[in-house]
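just the structure for this:
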Amino acid sequence: MSLSLMKIRRYLTQDDFRQKRIVFGIVAGLIYIAVMLAGLWLARDLVVLALAVIGIGIPLLVLLWYYPVYGLLAIIFLTSSFVKADVIDIRLPIGGGFDLRDLTLLGVGGIIFIRELSNKTLVVPWWRVGGPLLAFLLLAIISAFYAILYQNVETNWALGDLRILFYYVVFFLVIWSIKQDKQFRILVIGLFLLADLTTLIIVIQQFLGASNPVLKAMMSATGWGIYQVTGGVRVVPAGHILMHFMWFVAFGLFIFGSLSQRQKYFLIFQLVFMGFGHILTYVRAQWVAIFIGLILFIPAIVKKYKIALPRYVMIGVSIVFIISLIFGIIGFSDLYQIPIVSGVIDRFASLLALDNTMETDSLQWRVFENNKAIESILKHPFLGVGLGGRYRELTTLQGEAEGLWTRGSLAAGEVSRFTRYVHNSYLSITVKMGIPSILVYLWFCLAFLWCGWRTFRNLRDLEYKGIALGIIAGFVGMLAWSYYHAHFIKVEATPVVGLMAGLVAVMGVLDIHDTYPQKQSASVKSISIQR
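Residues are numbered from 1 along each chain as shown. Alright, predicted model coming up:
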């Protein structure tokens with residue numbers, strides 16, 4: 001007790017530096033209160049706004065500094081268009097501007113960049129993959145300046161395309177942010193929740209009809225597509241690519257993970273629920289992409305379940321037999337009368353009737369786009385028409401000149417936007433940025449597949465192994481899918497692609513660190529850079 005009293009007395013009687021600091025703090029606080037009161041009297045709205053920014057902004061910056069994984073989830077949430085991006089829309093005098101998604105990316109990216117710079121760990125990670133991606137982004141910047149300065153492309157169009165490609169930097173942000181397994185798990189769980197939310201909206205929309213969207217954001221051109229089809233309501237979500245990857249992640253975890261019975265049931269729910277959502281999109285190219293991705297799992301499944309494989313084959317045959325029996329009892333014609341059943345069956349059947357499918361307006365339009373894009377590439381093989389540039393003139397094909405492809409609008413910007421758009425991702429990059437740029441992008445894709453496969457084979461953690469193979473399989477399927485859809489140049493997909501590639505790199509580093517704790521951190525860093 002006496003020692004405690006002596007410490008308190010010493011604290012109170014030491015030099016007056018501490019007392020001066022206390023007095024200074026009190027005076028500063030009083031001045032701050034006086035300024036706020038005066039501000040509220042003279043300019044109340046401005047002061048309230050400033051207090052809101054201080055009260056929300058500073059804690060948010062602190063949170064993202066220590067837990068940047070939540071910032072990454074915010075980016076994916078916003079690019080999945082659950083809310084309208086133009087809730088915050090800052091216009092620039094030079095053309096274009098920043099919406100809520102862009103500001104979030106800049107804020108999260110800036111915080112992570114400054115943090116890594118202060119820690120002296122700001123390097124190009126996973127160099128064999130990050131190097132080609134960085135080169136592609138530099139070419140995109142050059143293409144934007146080329147479009148504005150030499151091709152006379154409107155600034156808002158050029159910067160708009162550049163902004164979409166800039167979201168690939170999520171690849172670097174993921175690797176710089178995630179240093180611990182706990183952060184990795186938070187990110188994966190958050191991505192499952194976002195994919196489930198997207199699927200839930202697709203399912204709910206079936207009951208509301210095509211003219212009554214679940215979200216207000218679905219009413220504007222934000223990446224969502226809602227169509228009334230024979231089978232019911234077709235919903236193509238903005239978070240399409242996220243659903244695609246997370247389905248494969250769930251499948252990989254189910255195959256490889258050493259999981260409890262409850263966790264297995266959770267993954268089965270994910271596979272069935274998101275799989276049902278995939279069906280309700282009626283996107284044939286995606287169905288093919290899933291089939292292609294599943295082929296990569298065959299060797300792993302055979303190797304892991306070699307002994308029990310006959311039993312699983314019998315279970316699969318039994319399920320098919322039960323489904324066939326249900327069709328036989330109820331009657332195929334009666335089931336076919338159900339709109340969703342007939343719609344899905346007809347859509348699947350169209351994959352087998354290629355001659356008839358190729359005659360549809362959708363594929364004929366893509367053939368037209370591809371031919372015009374190739375003509376443009378032959379004229380501008382090295383630099384293309386520049387980001388945001390038009391590669392063809394307006395035509396009367398399928399009512400384009402009347403605005404039928406742009407929700408009936410006859411405004412010049414609306415009608416002409418498809419003269420700048422190619423559904424084929426590969427041709428889209430080439431026609432905008434030239435042949436060298438698509439070669440660099442393909443270099444990034446092949447480098448990721450090669451290095452990702454090597455990482456997968458070296459992983460010891462079974463959960464990491466399943467997630468890695470799921471991401472690689474999803475990426476292979478997406479490469480085929482992107483021939484028919486512009487995923488490589490859409491803001492709903494570019495951050496997801498970068499994020500998934502970054503996750504594989506992170507697992508490679510975390511697995512080495514967790515399995516061999518005696519390894520020095522410097523060696524782990526060198527592996528992450530050199531792989």
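
all helices for the stretch 251-400 of the chain, in order.
Using DSSP state H, counting those that start in this stretch, the helices of the stretch 251-400 of the chain run over 261-281, 284-295, 297-304, 309-330, 332-336, 339-352, 354-357, 361-379.

least confident of those helices, on average?
Between the helices of the stretch 251-400 of the chain, the lowest average pLDDT goes to helix 332-336, which shows a mean of 56.

ok, and what's touching the strand or helix carrying Tyr70?
Using DSSP states H and E, Tyr70 maps to helix 68-79. If you take Cβ atoms under 8 Å, 6 or more residues apart in numbering as the criterion, helix 68-79 is touched by 63-64, 85, 100-101, 104-105, 107-108, 111-112, 115, 167, 170, 173-174, 176-178, 183, 186-187, 190-191, 194, 238-239, 242, 491-492, 495-496, 499. Just so you know, the C-beta spots here come from the backbone N, C-alpha and C atoms, and that holds for glycine as well.

stretch 198-217 too?
The contact list for stretch 198-217 (Cβ under 8 Å, 6+ apart) reads 80-85, 219, 224, 226-228, 232-235, 237-240, 242-243, 273-274, 276-277, 280-281, 340.

which among those residues end up buried?
Neighbour counting with 16 or more other Cβ atoms under 10 Å marks 80-82, 84-85, 224, 226, 232-235, 237-240, 242-243, 273-274, 277, 280-281 as buried within those.

ok, Gln206 to Trp224 distance?
Using Cβ to Cβ, to the nearest Å, Gln206 is found at 15 Å from Trp224.

nope, Gly257 is what I meant
Counting by Cβ to Cβ, the gap from Gly257 to Trp224 is 33 Å.

quick revisit: so after the helix holding Tyr70, what's the next helix or strand?
Counting by DSSP H and E, what follows helix 68-79 is strand 89-91.

just checking, next helix/strand downstream of that next one?
Using DSSP H and E, the helix or strand that follows strand 89-91 towards the C-terminus is strand 97-99.

output the contacting helices and strands for that following strand.
Judged by 3 or more Cβ pairs under 8 Å, 6 or more residues apart in numbering; DSSP states H and E, the packing partners of strand 97-99 are strand 89-91.

who are the packing partners of the strand it packs on?
Strand 89-91 packs on strand 97-99, going by 3+ Cβ pairs under 8 Å, 6+ apart.

who does the strand it packs on pair up with?
Sheet pairing of strand 97-99 (DSSP bridges) gives strand 89-91 (antiparallel).

state the mean pLDDT of the partner strand.
Averaged over strand 89-91, pLDDT sits at 73.

other residues contacting that strand?
Residues from elsewhere that reach strand 89-91 (Cβ under 8 Å, 6+ apart): Gly97, Phe98, Asp99, Leu100, Leu103.

now these in CSV, with neighbour count, pLDDT and distance to Gly384?
CSV is the format used below for those (neighbours: other Cβ atoms under 10 Å; pLDDT from 0 to 100; distance: Cβ to Cβ, whole Å):
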residue, neighbour count, pLDDT, distance to Gly384
Gly97, 17, 74, 24
Phe98, 18, 80, 25
Asp99, 17, 84, 26
Leu100, 17, 83, 30
Leu103, 15, 84, 29
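
of all those residues, which comes closest to Ile467?
Set against Ile467, the nearest of the contacts of strand 89-91 by Cβ to Cβ is Leu100 (29.4 Å).

for the closest one, give me its contacts.
Contacts here follow Cβ under 8 Å, 6+ apart; on that basis Leu100 touches Leu78, Val83, Ala85, Asp86, Val87, Ile88, Asp89.

thought Val124 was touching Gly130, still the case?
Yes: the pair formed by Gly130 and Val124 meets the contact definition of Cβ atoms under 8 Å, at 4.7 Å.

looking at those two now, which is surrounded by more residues?
Neighbours were counted for Gly130 and for Val124 using other Cβ atoms under 10 Å; Gly130 has more, 24 against 13.

now the more buried one: how far from Gly502?
Here Gly130 is placed at a distance of 9 Å from Gly502 (Cβ to Cβ).

before we move on, what about Val170?
Distance, Val170 to Gly502, using Cβ to Cβ: 7 Å.

comparing these two, which residue is more hemmed in?
Legend: neighbour count by other Cβ under 10 Å for Val170 and Gly502, higher for Gly502 (29 against 26).

isn't the more buried one up against Phe171?
Yes: here Gly502 reaches Phe171: they are 4.5 Å apart, a contact under Cβ under 8 Å.

where do the helices sit along the stretch 51-200 of the chain?
For the stretch 51-200 of the chain, the helices defined by DSSP H, counting those that start in this stretch cover 68-79, 100-118, 127-149, 155-166, 170-177, 181-208.

now do the longest one against helix 170-177, angle only.
Read that as helix 181-208. 140 degrees (axes from the mean of the first three to the mean of the last three Cα atoms, to 10 degrees).

which elements pack onto the helix or strand following helix 181-208?
Note on helix 181-208: by DSSP H and E, the next helix or strand toward the C-terminus is strand 225-229. In terms of contacts (3+ Cβ pairs under 8 Å, 6+ apart), strand 225-229 is packed against strand 232-236.

describe which strands the strand it packs on pairs with in its sheet and in which direction.
As assigned by DSSP bridges, strand 232-236 forms pairs with strand 225-229 (antiparallel).

and the contacts of the strand it pairs with?
Surrounding strand 225-229, the residues in contact under the criterion Cβ under 8 Å, 6+ apart are Gln205, Gly209, Ala210, Ser211, Pro213, Met218, Val233, Arg234, Val235, Val236, Tyr282, Gly343.

redo that, cut-off 7 Å
Defining contact as Cβ atoms under 7 Å, 6 or more residues apart in numbering, one finds that strand 225-229 is touched by Gln205, Ala210, Pro213, Met218, Val233, Arg234, Val235, Val236, Tyr282, Gly343.

what about the fourth one, distance to Ala210?
Right, Met218. Per Cβ to Cβ, Met218 is found 10 Å from Ala210.

compare those two (neighbour count), which wins?
Taking other Cβ under 10 Å, Met218 and Ala210 do not tie; Met218 has more neighbours (21 against 16).
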